[in-house]
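Novice: Take a look and give me a structure for this.
(one chain, ligands or ions: 1)
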Amino acid sequence: MHSLPHLVRSGATARLVVDGQPFTIRGGELGNSSMERAYLAPYWSNLVEMGLNAVVAPVYWDVLEPVEGRFDWTTVDHLIEDARAHGMRLVLLWFGSWKNSMSCYAPAWVKMDVERFPRARTSHGAPLEILSPFAAANRDADARAFAALLAHLRDVDRESTVVMVQVENEIGMIPEARDHTPDAEAAFAGPVPAELIEHLVTHRDELGAALHAEWHASGAQEQGTWTEVFGDSAATEEIFQAWHFARYVDAVAAAGKAEHPLPMYTNAALIRPGAQPGQYPSAGPLPHLADVWRAGAPALDFIAPDIYFPDFARWADAYADSGNPLFVPEALRSVDAAANALYAFGKHGALGFSPFGIESVSGNEAAMLAGAYDVVAQLTPLIAEHAGDGSMTGLLPPTADMRTPHRVRLDDVVLEATYERVPAPSLADGVINETGQAHGTQELPAAAIVIRTGPDELVVAGIGVTLTFHEPPRPAGGAAQVVGILSCEEGRYDDAADGGWQHLRWLNGDQTHQGRHVRLEPGRFTVQRVRLYRYR
Ligand code: DGJ
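Specialist: Below is the predicted model:
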């Protein structure tokens, strides 16, 4: 029997299963106004050429429900048909009550009836173009429309072209930390709901550091108002608002799942350095609020970061470290997207990765993304097998100008990595770029996925990374053994040939610096299988 796309959890990671097979989302998100058939038509071939297997695409509440209770599915149906025709899956983004804090995708019949569908208000009482999460009418109208969308998908999408759904988009309060409608004021003066307290108590030892600190600073009380339990601060206002956003989204997601239980998540705009809640979109599904969102929105499968900042690894790690499967629905479009993709899949066994504005990606950015996605496609069965069990990692330069080797432990071997972000000179003439110094002007991505497939057997894949291998320090003392390279071969994992390894060539001599290192050339993605040995 055909099973729906679903997640299989294993600890903090999860695997997406589509048509019974592990599916890594090699995605790209369309620009906000790029999902309609005629506009999108010329871009599909480029999306296919970049090696995408899924397009992350918005669907608009105002267009789908122009009159209350009357739905027009034309845009959704066209998208599904065209994705299918190009062998592509879809992650649909529900632009419902909130899109980047605002409510610009609410239908006109919602926008124009502020009595029935109340707006959030500032502390001075000014209305905002943000639907208030404290109004049941807002929530119920959104939930009815979302449920109708999922029911429609159930009826028309028998082939599971749609594999996942994002509920709302970059929720967050601006320009203040929380809503100040009369209902919001009453809720803020009232007690912290028992469900949230219960979550805090039950998960006392696993709470995120910030929430743990706020709760404990006020004596870890198990009842009281918001300021009694968490203190009188902007952080408390943010926790309060996050709880109410989460409860609203939970109702919307649950209504959708009742019709068609696809995996669902919601995404966050991240925090600009130094910004306070309200200066950044307050109360979204951010890592420091992961516990609040988890407790408030159990119908969501996970929360997701939109990572546009240069410190990609820090944000990816923050989401994964909070016990949340990683999916990056929006990432900065640049040559580094290719490197960040490898890090997300290698380090965190990510569900997927997706640069924003994918239809505008071209030239070197497109070539690099295609190279990274080809590697991910080849390694998908291995990623599914090794995610979350400590036998796989992702390597990304910790800083842009890093010169000292980067040491990462992978089980019983220490990887020492250096990165080359520019093409090296004349490798064919036997010149090795050992310093990582610039020899050209064009920066290239540098990153790797490393998987320990057996005792002293590794798969090393990526671009611009040179690795040496060492034994981990021995706690009991004693000299460590030297780790040498027994063999290194380049090849492909080829689905067409039973998922088997297709040998291309043995790498030795200049290509391994006469046995000293394994090198993923800059400018060219490769997959290598390496056998190590140890001696004294
Ligand atoms: C983040 C939003 O989620 C997207 O819909 C889009 O508005 C981008 N920002 C634009 O950079």
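Novice: What number of residues are in the vicinity of the one residue in the stretch 51-200 of the chain that gets nearest to the ligand?
Specialist: Residue of the stretch 51-200 of the chain nearest the ligand, by Cβ to the nearest ligand atom: residue 170 (4.3 Å). From N, CA and C alone the C-beta is placed, and that goes for glycine too. By other Cβ atoms under 10 Å, 21 other residues sit near residue 170.
Novice: Could you look up the SS state of residue 146?
Specialist: Three-state assignment for residue 146 (DSSP: H, G, I helix; E, B strand; the rest coil): helix.
Novice: mind checking pLDDT for it?
Specialist: On pLDDT, residue 146 comes in at 99.
Novice: Now do the same contact list for it.
Specialist: Residues near residue 146 by Cβ atoms under 8 Å, 6 or more residues apart in numbering: 94, 96, 167, 252, 253, 255, 256.
Novice: could I get those residues as a markdown table with pLDDT and neighbour count?
Specialist: Compiled in a markdown table, those are given as follows (pLDDT from 0 to 100; neighbours: other Cβ atoms under 10 Å):
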| residue | pLDDT | neighbour count |
| --- | --- | --- |
| 94 | 99 | 29 |
| 96 | 98 | 28 |
| 167 | 98 | 28 |
| 252 | 99 | 28 |
| 253 | 98 | 25 |
| 255 | 98 | 22 |
| 256 | 98 | 25 |
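Novice: Among the residues you listed, which lie within strands?
Specialist: Judged by DSSP state E, the contacts of residue 146 include 94, 96, 167 as members of strands.
Novice: surely the residue of the stretch 51-200 of the chain closest to the ligand meets residue 284?
Specialist: Yes - under the criterion of Cβ atoms under 8 Å, residue 170 makes contact with residue 284 at 6.5 Å.
Novice: so what sits against both of these two?
Specialist: Jointly contacting residue 170 and residue 284 under the rule Cβ under 8 Å, 6+ apart are 268, 269.
Novice: residue ranges of the strands in the stretch 151-300 of the chain, please?
Specialist: 162-169, 264-269 (DSSP state E, counting those that start in this stretch).
Novice: For residue 214, find the nearest of those strands.
Specialist: The minimum distance between residue 214 and the strands of the stretch 151-300 of the chain falls on strand 264-269, with 18.9 Å, by Cβ to Cβ.
Novice: The closest one - what's its average pLDDT?
Specialist: Per-residue scores along strand 264-269 average to 98.
Novice: Now the nearest residue to residue 141 once chain neighbours are set aside: which helix or strand?
Specialist: Nearest residue to residue 141, sequence neighbours excluded (Cβ to Cβ, 6 or more residues apart in numbering): residue 110, at 6.3 Å. Secondary structure from DSSP states H and E places residue 110 in helix 108-111.
Novice: Can you give the strand pairings for whatever helix or strand comes next after that helix, parallel or anti for each?
Specialist: For helix 108-111, the following helix or strand on the C-terminal side (DSSP H and E) is strand 119-121. Using DSSP bridges, strand 119-121 pairs in its sheet with strand 127-131 (antiparallel).
Novice: Hmm, residue 150 is touching residue 256, no?
Specialist: Yes - Residue 150 is in contact with residue 256 according to Cβ under 8 Å; the separation is 4.0 Å.
Novice: Rebuild the ones in strands among the contacts of residue 146 as CSV, extending it with distance to the ligand.
Specialist: Formatted as CSV, the ones in strands among the contacts of residue 146 follow (distance: Cβ to the nearest ligand atom, whole Å):
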residue, distance to the ligand
94, 12
96, 13
167, 13
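Novice: distance between stretch 115-130 and the chain's centre?
Specialist: Centroid separation for stretch 115-130 versus its chain: 32 Å, with Cα atoms, centre = their mean, to the nearest Å.
Novice: That stretch: end-to-end distance?
Specialist: The stretch stretch 115-130 measures 14 Å between its terminal residues, going by Cα to Cα, to the nearest Å.
Novice: And the closest residue to residue 443 other than its chain neighbours, how close does it get to the ligand?
Specialist: Using Cβ to Cβ, 6+ apart and skipping residues adjacent in sequence, the residue nearest residue 443 is residue 421, 5.0 Å away. Per Cβ to the nearest ligand atom, to the nearest Å, residue 421 is found 25 Å from the ligand.
Novice: Residue 421 contacts residue 444, doesn't it?
Specialist: Yes - assessed by Cβ under 8 Å, residue 421 is found in contact with residue 444 at 5.5 Å.
Novice: overlap in contacts of the two?
Specialist: Common contacts of residue 421 and residue 444 (Cβ under 8 Å, 6+ apart): 464, 522.
Novice: What count of nearby residues applies to residue 45?
Specialist: 10.
Novice: who's in contact with it?
Specialist: residue 86.
Novice: SS state for it?
Specialist: Here residue 45 is recorded as helix under three-state DSSP.
Novice: okay, the angle between the biggest helix by length in the chain and strand 162-169?
Specialist: Identified as the longest helix of the chain according to DSSP state H is helix 234-259. If you take axes from the mean of the first three to the mean of the last three Cα atoms, to 10 degrees, helix 234-259 sits at 140 degrees to strand 162-169.
Novice: buried set for helix 234-259?
Specialist: 235-257, 259 (16 or more other Cβ atoms under 10 Å).
Novice: what do you get for stretch 111-125?
Specialist: For stretch 111-125, the neighbour count (16+ other Cβ under 10 Å) marks 111, 117, 118, 119, 120, 121 as buried.
Novice: and the gap between the residue of the stretch 401-536 of the chain found nearest the ligand and residue 523?
Specialist: Going by Cβ to the nearest ligand atom, the ligand is nearest to residue 445 of the stretch 401-536 of the chain, at 20.6 Å. Distance, residue 445 to residue 523, by Cβ to Cβ, to the nearest Å: 9 Å.
Novice: ditto for residue 98
Specialist: Distance, residue 98 to residue 523, using Cβ to Cβ: 42 Å.
Novice: Looking at the two, which has the bigger crowd around it?
Specialist: Ranked by neighbour count (other Cβ under 10 Å), residue 98 and residue 523 place residue 98 first, with 29 against 19.
Novice: Could you tell me which residues of the stretch 251-400 of the chain lie near the ligand?
Specialist: By Cβ under 6 Å from any ligand atom, the residues of the stretch 251-400 of the chain that approach the ligand are 306, 330, 356.
Novice: With adjacent residues omitted, what lies nearest to the first one?
Specialist: It refers to residue 306. Once flanking residues are discounted, residue 306 sits nearest to residue 330: 3.7 Å by Cβ to Cβ, 6+ apart.
Novice: Return the distance of that neighbour relative to residue 357.
Specialist: 9 Å.
Novice: list the residues that contact both of these two?
Specialist: Counting by Cβ under 8 Å, 6+ apart, the residues touching both residue 330 and residue 357 are residue 29.
Novice: So for those two, which sits in the more crowded spot?
Specialist: Taking other Cβ under 10 Å, residue 330 and residue 357 do not tie; residue 330 has more neighbours (25 against 15).
Novice: What does the more buried one show for phi and psi?
Specialist: Main-chain torsions, residue 330, degrees, to the nearest 10: phi -140, psi 130.
Novice: tell me the contacts of it?
Specialist: Listed by Cβ under 8 Å, 6+ apart, the contact partners of residue 330 are 29, 56, 267, 306, 307, 308, 354, 355, 356.
Novice: quick one: which of those residues sit in strands?
Specialist: Counting by DSSP E, the contacts of residue 330 contribute 29, 56, 267, 306, 307, 354, 355 to strands.
Novice: Separate out the buried members of those.
Specialist: 29, 56, 267, 306, 307, 354, 355.
Novice: closest to the ligand among the residues you listed?
Specialist: Lowest distance from the ligand to those (Cβ to the nearest ligand atom) belongs to residue 306, with 5.4 Å.
Novice: Can you name the residues that contact the closest one?
Specialist: Residue 306 neighbours (Cβ under 8 Å, 6+ apart): 170, 267, 268, 269, 270, 328, 329, 330, 331, 356.
Novice: Contact partners for residue 94?
Specialist: 59, 61, 146, 149, 165, 166, 167, 168, 169, 252.
Novice: same question but for residue 232, I mixed them up
Specialist: Applying Cβ under 8 Å, 6+ apart to residue 232 gives no contacts.
Novice: and the closest residue to residue 119 other than its chain neighbours, what is it in contact with?
Specialist: The spatially closest residue to residue 119, leaving aside those adjacent along the chain, is residue 127, at 4.2 Å (Cβ to Cβ, 6+ apart). Residue 127 makes contact with 114, 119, 120, 121 under the criterion Cβ under 8 Å, 6+ apart.
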